[in-house]
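Q: dropping a prediction and its sequence here:
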Amino acid sequence: MKFKAGLLTLGAALGLAMFASNVLAALAVGASAPDFTTDAALGGKEFRFSLAEALKKGPVVLYFYPKAFTQGCTIEAHDFAEATPKFNALGATIVGISNDSIDTLKKFSVEACRDQFAVAADSGARIMKQYDAALWIKPDMADRISYVIGPNGKLLYVYSSLSPDLHVQNSLQAVQQWRASVPR
């Protein structure tokens, strides 16, 4: 009996965590995206990623994920890797952020991201805090939140869900809507 009650309690907590993730986290559409520069990796090579520099080229899809090489984060990275050519054709840059070490991200950028887009290290969860993207039950870990940031630095789209399933599709749709509204 105690075991069943424990499972119900755990299930209720996880359900609440998923609900809270969708309701409480994330900056609002229209807000200014906090600027940052941090260590990142692309294709196993380390470099400095600057949001301000990336925005000069077009919109940025900035997505936070909990931990490299976990099941959901690997699925999400694969999905973003497959969609990267579509994002690039629209002028968008993709960057994923987690509190993993840069050495871990060098490997993740090759294996999970398939050399298609950069992943950035958020040492000390500084960027997560700026973007209100920390997982509320474990604040040193990122929640799964996707932001689309316009070249003007304003948030065009925000999506928060612990499931990786719709982050790529929804972010791509937001970039397509941005592109359709901007004269070439």
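A: All right, it came through fine. Quick caveat: nothing in here was measured; it's all calculated off a predicted structure.
Q: show me what contacts Asn170?
A: Ser146, Tyr157, Tyr159 (CB atoms under 8 Å, 6 or more residues apart in numbering). Backbone N, C-alpha and C define where each C-beta goes, glycine included.
Q: most neighbours, which of those?
A: Ser146 (27 neighbours; other CB atoms under 10 Å).
Q: quick one: that one is in a strand?
A: Yes: assignment of Ser146 by DSSP: H, G, I helix; E, B strand; the rest coil places it within a strand.
Q: surely it touches Glu76?
A: No: applying CB atoms under 8 Å as the test, Ser146 and Glu76 come out as separate, 9.0 Å apart.
Q: which residues do these two both contact?
A: Counting by CB under 8 Å, 6+ apart, the residues touching both Ser146 and Glu76 are Tyr63, His167.
Q: nearest residue to Ala83 other than its sequence neighbours?
A: In this structure, Ala83 finds its nearest non-sequential neighbour in Val168, 5.0 Å apart by CB to CB, 6 or more residues apart in numbering.
Q: for the helix or strand containing Pro85, packing partners?
A: Per DSSP states H and E: Pro85 is located in helix 71-89. Judged by 3 or more CB pairs under 8 Å, 6 or more residues apart in numbering; DSSP states H and E, helix 71-89 is in contact with strand 60-64, strand 93-98, helix 167-181.
Q: buried deepest among the ones you listed, which one?
A: strand 60-64 (a mean of 27; mean count of other CB atoms under 10 Å).
Q: quick one: strands adjacent to it?
A: Paired neighbours of strand 60-64 in the sheet (DSSP bridges): strand 93-98 (parallel), strand 145-149 (antiparallel).
Q: could you give the number of residues near Asp100?
A: 26.
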